[in-house]
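S.K.: Below are the sequence and a predicted model; questions follow.
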Amino acid sequence: SVPSSSMEQKFKFDNLYRGGIKLSYGLLKYLDIYARLGESGFNYSDMNLDGAISPASLPFSGSAKIKGKNGLVWAAGLKGSYPILKTWYLGCDAQYLRQDNLYKGSGDVQGAPIPGGFLAMRWNGKMTIQEWHIAPYLAKKFSTDKFGAFTPYVGGRYSYFGLRDKIRTFETGDASIILQTRRYTADKNWGPFCGLDYSLGEHLTFNVEGRFIDENALSFATTYKF
């Protein structure tokens, strides 16, 4: 009979990128509601594979890489700030975010009773990332005649990072692989972040932001405020 197997992964993204457009509406003088829509993706990521082959539940191990395709990312949130000095502000951003990316994986595993003790695998999957965060920050606004207005900021972020990995198809292999849906969460939930808002007039703002929690991420966005 053909052995069947299930596996677990532990991986780290090499590069996770997001870009998009942000629409914002002022509810109060210092409180905005917003929505973001854009594109996301990730590059090759190293993975450790561990699993068991039935019916004897014999263990195997190996390594693999995955490459994600660009996909949709959207978010909704609230952002407020309050002036504490003439050009200094205390703020807080609360947001829910979701992104979906198809990917291709390839790797090698070894362990009995794999024929020859070695098996090359190729598969397709879909990753869904859901994220809640709350991020207080400190910002300072600069206004110049030559470069316009820009506001750098720095703060700390609590982020719940949840990932669902659904294996869709296997292309090759000498064993029958169990199609699975697995769920993971980030090892760390707290970390610093920093960013810069650059204003072009009253309504249009460009933003770049980096965060350094369990996954280091860099985001770009364009905001239009009604």
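M.R.: Okay, I see it. Since the structure is predicted, the reported quantities are computational estimates derived from the model, not experimental observations.
S.K.: partners of the one helix or strand S219 maps to in the sheet?
M.R.: Using DSSP states H and E, S219 maps to strand 216-225. Strand pairing for strand 216-225, determined by DSSP bridges: strand 16-28 (parallel), strand 204-212 (antiparallel).
S.K.: Same question for the strand ranked longest in the chain: list its buried residues.
M.R.: Assignment by DSSP state E gives strand 148-172 as the longest strand of the chain. Neighbour counts over strand 148-172 (16 or more other Cβ atoms under 10 Å) mark 150-151, 153, 155, 157, 159, 161, 163, 165, 167, 170 as buried. Quick note: C-beta positions are derived from backbone N, CA and C, even for glycine.
S.K.: same question, stretch 204-223
M.R.: Neighbour-count burial for stretch 204-223 flags 205, 207, 209, 211, 213-215, 217, 219, 221-223 (criterion: 16+ other Cβ under 10 Å).
S.K.: Let me have these in CSV, adding pLDDT as columns.
M.R.: Formatted as CSV, those follow (pLDDT from 0 to 100):
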residue, pLDDT
T205, 86
N207, 87
E209, 87
R211, 83
I213, 76
D214, 64
E215, 66
A217, 74
S219, 77
A221, 79
T222, 82
T223, 82
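S.K.: quick one: which of the residues you listed is nearest A120?
M.R.: Among the buried residues of stretch 204-223, E215 lies closest to A120 (Cβ to Cβ), at 28.3 Å.
S.K.: For the strands paired with strand 216-225, give me JSON lines that also has distance to K104.
M.R.: Formatted as JSON lines, the strands paired with strand 216-225 follow (distance: least, Cβ to Cβ, whole Å):
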{"stretch": "strand 16-28", "distance to K104": "17"}
{"stretch": "strand 204-212", "distance to K104": "27"}
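S.K.: Which among those is found nearest to R183?
M.R.: Each of the strands paired with strand 216-225 has some distance to R183 by Cβ to Cβ; the shortest is strand 16-28, at 17.9 Å.
S.K.: after that closest one, next one along is what?
M.R.: Counting by DSSP H and E, the next helix or strand C-terminal to strand 16-28 is strand 31-42.
S.K.: quick one: contacts of that following strand?
M.R.: Outside strand 31-42, the residues that touch it by Cβ atoms under 8 Å, 6 or more residues apart in numbering are 13-27, 68-80, 97, 99, 101, 103, 221, 223, 225.
S.K.: For ChimeraX, what selects the buried ones among these?
M.R.: To isolate the buried members of the contacts of strand 31-42 in ChimeraX, using 16+ other Cβ under 10 Å:
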select :13,16,17,18,19,20,22,24,68,71,73,75,77,79,80,97,99,101,103,221,223
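S.K.: Tell me how far the spatially closest residue to K69 that is not a sequence neighbour lies from N189.
M.R.: Spatial nearest neighbour of K69, chain neighbours left out: L102 (4.7 Å); criterion: Cβ to Cβ, 6 or more residues apart in numbering. Separation of L102 from N189 (Cβ to Cβ, to the nearest Å): 27 Å.
S.K.: Return the residues in contact with the residue nearest to G19 when sequence neighbours are not counted.
M.R.: Setting aside the residues directly before and after it, G19 is nearest to F220 in space (Cβ to Cβ, 6+ apart), at 4.5 Å. Contact partners of F220, counting by Cβ under 8 Å, 6+ apart, are 18-20, 206-208.
S.K.: thinking in terms of the whole chain, how far from its middle is the longest strand of the chain?
M.R.: 2 Å (Cα atoms, centre = their mean, to the nearest Å).
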